[in-house]
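A.B. asks: Attaching a predicted model along with its sequence, questions to come.
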Amino acid sequence: MKVNAGGILDPKDVVGRDRLIQKLWRILKRRSLVLSAERRMGKTCVIRKMVAESPEDKLCFFRDLEGIETSFEFVQALFQDVEKHLATKKRISHRTRKLLENLGGAKFEGFTMPQIAAPHWKDLLTRIIQDLQDHQEHMVVFFWDEFPMMLQAIQQRENEQAAMEVLNILRFLRQTHPRIRMVFSGSIGLHNVITHFKRRSFANEPINDMHRQDLPPLTLKAAKSLASQLIRDEQVPTQNEIIVSKAIAEAVDCIPYYLQNVIEKAVIDDQKLSVETVEKIVTQGLIHPLDAWDMRHYRERISVYYSEEEKFYALAILDVLAQVSVPLHFDTLFNLVKSRFVTEDIEMLHLVLKLLTQDHYLLQNTEGSYHFKFPLIQRWWKLDRGITQ
Ligand SMILES: Nc1ncnc2c1ncn2[C@@H]1O[C@H](COP(=O)(O)OP(=O)(O)OP(=O)(O)O)[C@@H](O)[C@H]1O
Ligand SMILES: [Mg+2]
């Protein structure tokens, strides 16, 4: 296995996810799924592996929706995926094509829908799913990566109503076709996009029928084994392979992307790995001027998705928590935030803590206290914000 930091992995090189994948299939037996996680945690790797190694009694479609900017483009993409599959069975989407013929006034034999059909995207979407169901006894699973990014693009290119309608019609299709499942995944949290709609009063719960699953980092055992395998296959010299693999896994909180980055750096620089050099590589990755480890989104996300007031609180909370090595109880946290600026708005603190937890910055422990979810991100936050203590 060769190092591949950030690229598309061969499914067999996606390690340590077998148990989780089995769990996801068990969930999908019952209902659809939103797979969320911090960026670079390995969501795309997991869903691509699921599609590549899917059980025989499931028909799976994978589509990266990045770049799709209108509801009609989404329907077009779905049409092409479904038609490609039906063609393997020497079938076509009869109902969909009939509507396209009625709209265009001529026989429709292509795969690119005419623009005249755009206002009818909902009807077309419903028909595509019906056409697929006509020829399918098994469960169908649509894996849609970067789904929230598409919704956001639709909202910007069309409007919020259109994005909300996409969510609503997909929910309707899940309810009317019991053998259809959808998996939404992506680098932006779906909740960020939906909360944005809600602020503008589209307050319904378009995904509350779906199971929400967080993708955790690898287990320590899997992370150590991935590090060892890469060290061996890339012939990276080490002081002691077992000790170094453990040091890498622990230094990157078992997040496979950063793990791959550490070993890639050693390969590129032709460097011998020891506990000390691992530590040095991690620090260099965190402070890299060109953001080689893709960390800046931790700061940028707050500016993009949080309101001005929420942003103010979020930065204060994270700055306070970055400085401490123990979890903080709500009251202590509130007092420390108050020592930074004048506030008595306890509700705002509750709300922003919820947002930061949902966005994977923080965790609440069983005693109710808050701390950074990942020590690595806490470390980055301190470095980025120039916090010295
Ligand atoms: N299970 C794994 N085994 C080995 N490497 C992995 C694994 N999961 C992720 N990686 C590494 O992390 C990188 C990022 O993974 P992936 O693209 O799946 O993350 P993601 O969660 O989809 O990220 P984003 O939120 O940016 O879309 C991969 O290119 C690979 O280097
Ligand atoms: Mg991804």
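C.D. replies: Perfect, thanks for sending it. Ligands and ions are numbered 1, 2, ... in the order given.
A.B. asks: Next, count neighbours for the residue in the chain that ligand 1 sits nearest to.
C.D. replies: As assessed by CB to the nearest ligand atom, ligand 1 sits closest to Gly42 within the chain, at 2.7 Å. Placement of C-beta: from N, CA and C, glycine included. As a burial measure, Gly42 scores 23 neighbours (other CB atoms under 10 Å).
A.B. asks: Mind splitting this structure into its structural domains?
C.D. replies: 17-214, 220-287, 297-385 (automatic domain parsing).
A.B. asks: Mean pLDDT for the ones you listed - can I get that in a markdown table?
C.D. replies: Shown next, in a markdown table, are the domains of the chain (pLDDT from 0 to 100):
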| stretch | mean pLDDT |
| --- | --- |
| domain 17-214 | 91 |
| domain 220-287 | 97 |
| domain 297-385 | 94 |
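A.B. asks: In contact with the closest residue to Lys382 other than its chain neighbours, which residues?
C.D. replies: Using CB to CB, 6 or more residues apart in numbering and skipping residues adjacent in sequence, the residue nearest Lys382 is Ala322, 4.7 Å away. Residues near Ala322 by CB atoms under 8 Å, 6 or more residues apart in numbering: 372, 378, 381-382, 385, 387.
A.B. asks: I'd like to know which of these are buried.
C.D. replies: 372, 378, 381-382 (16 or more other CB atoms under 10 Å).
A.B. asks: From Leu362, how far out is Tyr258?
C.D. replies: From Tyr258 across to Leu362, the span is 19 Å (CB to CB, to the nearest Å).
A.B. asks: Tell me which of the buried ones among the contacts of Ala322 fall in strands.
C.D. replies: The strands, defined by DSSP state E, take in Phe372 from the buried ones among the contacts of Ala322.
A.B. asks: Glu234: which of the buried ones among the contacts of Ala322 is nearest?
C.D. replies: Gln378 (29.4 Å; CB to CB).
A.B. asks: related to what we said a few turns ago, possible to save the buried ones among the contacts of Ala322 as TSV with distance to ligand 1?
C.D. replies: Putting those into TSV (distance: CB to the nearest ligand atom, whole Å) gives the following:
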residue	distance to ligand 1
Phe372	19
Gln378	20
Trp381	18
Lys382	23
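A.B. asks: Redo the buried ones among the contacts of Ala322 as a markdown table? Include distance to Pro327.
C.D. replies: Listed next are these as a markdown table, based on distance: CB to CB, whole Å:
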| residue | distance to Pro327 |
| --- | --- |
| Phe372 | 9 |
| Gln378 | 12 |
| Trp381 | 16 |
| Lys382 | 16 |
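A.B. asks: Show me which pair in the buried ones among the contacts of Ala322 is furthest apart.
C.D. replies: Phe372 and Lys382 (9.8 Å).
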